[in-house]
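Asker: build me a model:
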Amino acid sequence: MGEAAAILVVEEDADIRTLLVGYVQERDFHCITVASVEEARHVLGSECRVVAALIDVACPLRSESLGFARDVAGAGAAVVVTTGHPDCVAEIEASGLEFILKPYDVEALHLAIDQAIRRAAARGERSRGSLAAHGGMTPARGAVPAP
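Answerer: As a prediction, this is how the structure comes out:
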């Protein structure tokens, strides 16, 4: 049996994490969920095959969250940034990362996740290199932590 690709969800709100996990799992992807960037860095320090990430940007920690999102994207994973803070939008737009505002329009959320998965699949076909320098992520190889 082949290894599953994982989608990383970084979201502080447990109810929203549950919503996102359900949708990701409907797409037959393993979902790794954490409540903070700090936890995400710890998870990515292990061997895992993260191909895409949904990362919430909370205004008090937006610099850290956006920096992490740029690192993940730079490492080759498809990234969608989410925020419930309209005052963060200009900074997110300047980062060049795809984003979606909360409260989510369910269709827009599903579209953003599906597009991230497609981008991740396309990147996986083009590059099979290790992303160990970016927190241990290996989108083309590696073991996905058990659910």
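
Asker: so the residue nearest the centre of the chain is in which element?
Answerer: When CA atoms, centre = their mean is applied to the chain, the residue found nearest the centroid is residue 53 (0.9 Å). Taking DSSP states H and E as the definition, residue 53 sits inside strand 50-56.

Asker: direction included, what does that strand pair up with?
Answerer: Strands flanking strand 50-56 in the sheet, each with its direction: strand 6-10 (parallel), strand 78-83 (parallel) (DSSP bridges).

Asker: which of those strands is buried the deepest?
Answerer: Per residue and on average, the most neighbours among the strands paired with strand 50-56 fall to strand 6-10, with a mean of 26 (mean count of other CB atoms under 10 Å). Where you see a C-beta, it was placed from the backbone N, CA and C, and this is true even at glycine.

Asker: what sits up against that strand?
Answerer: For strand 6-10, the surrounding residues in contact (CB atoms under 8 Å, 6 or more residues apart in numbering) are 17, 20-21, 24, 29-37, 39-40, 43-44, 48-56, 65, 68, 72, 77, 113, 116-117, 144-145.

Asker: buried by neighbour count, from the residues you listed: which ones?
Answerer: Neighbour counting over those (16 or more other CB atoms under 10 Å) leaves 17, 20-21, 24, 29-34, 36-37, 40, 43-44, 48-56, 65, 68, 72, 77, 113, 116-117, 144 as the buried ones.

Asker: in helices only, show me those residues.
Answerer: 17, 20-21, 24, 37, 40, 43-44, 65, 68, 72, 113, 116-117 (DSSP state H).

Asker: surely residue 29 and residue 117 touch.
Answerer: Yes - contact between residue 29 and residue 117 holds when scored by CB atoms under 8 Å: they sit 6.9 Å apart.

Asker: got the contact list for residue 70?
Answerer: Residues in contact with residue 70, defined by CB under 8 Å, 6+ apart, are 95, 97.

Asker: surely it is in a helix?
Answerer: Yes - assigned with DSSP: H, G, I helix; E, B strand; the rest coil, residue 70 falls within a helix.

Asker: circling back to that earlier point, okay, and the beta partners of the residue nearest to the centre of the chain?
Answerer: residue 8, residue 79.
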